[in-house]
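Visitor: Structure, please.
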Amino acid sequence: MNAALLGLRVALVAAVMATAAARGAEPGAAEGCRAIADGAERLRCFERALPAGQAQRAAALAGGWRLVRTPSPRGGADAVSIMHTADPARSDPDLAGLMLRCGDAGAEAVVVLLRPVSPRTRPQVSVTADGRAARFDATVVPPFTTVRLRADAAELVSGPWQAAAELAVEVEDEQAPVRGVVPVAGLRAAFQALLASCPP
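Guide: Alright, predicted model coming up:
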């Protein structure tokens, strides 16, 4: 994957974050982007679909993590997340990366895809760290390119995954499975930065 497409992948993660993690935000203009077959053009569409006033503030963290704050379109607390893109050389093109975000009941782990998944799907997600696999029931959430892992994934994020250099991820749904590798070096410090930034 060339540098331009990698940059677009990073932008998509940010666009998805802006649309999905801002509490109560509707996909809106991004709806039509899902139907675009060409991955690079679909990414550009998502970038253009960001609503005015949804400017993100991002900070680079150790290990390639990014801490992102997105203002809520309805006022109130910002949506806050950390995210890391997938390794493009070892991942399917439809895997954008991993996002950990502040949720109402604590941190949530979300796999971000570049293709939409039916909201009726209940995908299975396997995550392997240092040879230990964990399998999760997951939920597809708007804008339907994000797959939220069940709550106990946060326990792994705050524990065993922090010692891993990378996570091997596989998302199984009605379409073809999506597989890839997400580097997670620096997760401990990035996760601490996320928790310190979550709204009270």
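Visitor: Run through who's touching stretch 126-141.
Guide: 20, 110-111, 117-125, 146-150, 152-153, 156, 160-161, 163-164, 166-173, 184 (CB atoms under 8 Å, 6 or more residues apart in numbering). Yep, even glycine has a C-beta here, placed from its N, CA and C like the rest.
Visitor: Buried members of those into PyMOL, please.
Guide: Remark: buried members of these, expressed as a PyMOL selection using 16 or more other CB atoms under 10 Å:
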select buried, resi 20+110+111+117+121+123+125+146+147+148+149+153+156+161+164+166+167+168+169+170+171+172+173+184
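Visitor: Can you flag which of the contacts of stretch 126-141 belong to strands?
Guide: 110-111, 124-125, 146-149, 166-172 (DSSP state E).
Visitor: Next one: D87 from T128, what distance?
Guide: D87 sits at a distance of 14 Å from T128 (criterion: CB to CB, to the nearest Å).
Visitor: same deal with V111?
Guide: Taking CB to CB as the measure, V111 falls 13 Å from T128.
Visitor: cool, and V178?
Guide: Using CB to CB, we find V178 at a distance of 15 Å from T128.
Visitor: Looking at those two, which one has more neighbours?
Guide: The residue with more neighbours, out of V178 and T128, is V178; 25 against 16, by other CB atoms under 10 Å.
Visitor: I'd guessed the more buried one sits against E170; true?
Guide: Yes - at 7.2 Å, V178 and E170 qualify as touching, with contact defined as CB atoms under 8 Å.
Visitor: For this structure, which segments count as strands?
Guide: Using DSSP E, strands in the chain cover 57-60, 66-70, 79-85, 95-103, 106-113, 124-129, 132-141, 146-149, 166-172, 178-183.
Visitor: where in the chain is pLDDT low?
Guide: 1-58, 72-76 (pLDDT under 70).
Visitor: which residues does V110 contact?
Guide: Taking CB under 8 Å, 6+ apart as the contact definition, V110 lies against A20, L98, M99, L100, R101, V141, T146, V147, R148, L149.
Visitor: Tell me the spacing between the last one and D87.
Guide: Spelled out, it's L149. L149 is 19 Å from D87, by CB to CB.
Visitor: That concludes my questions; thank you for your assistance.
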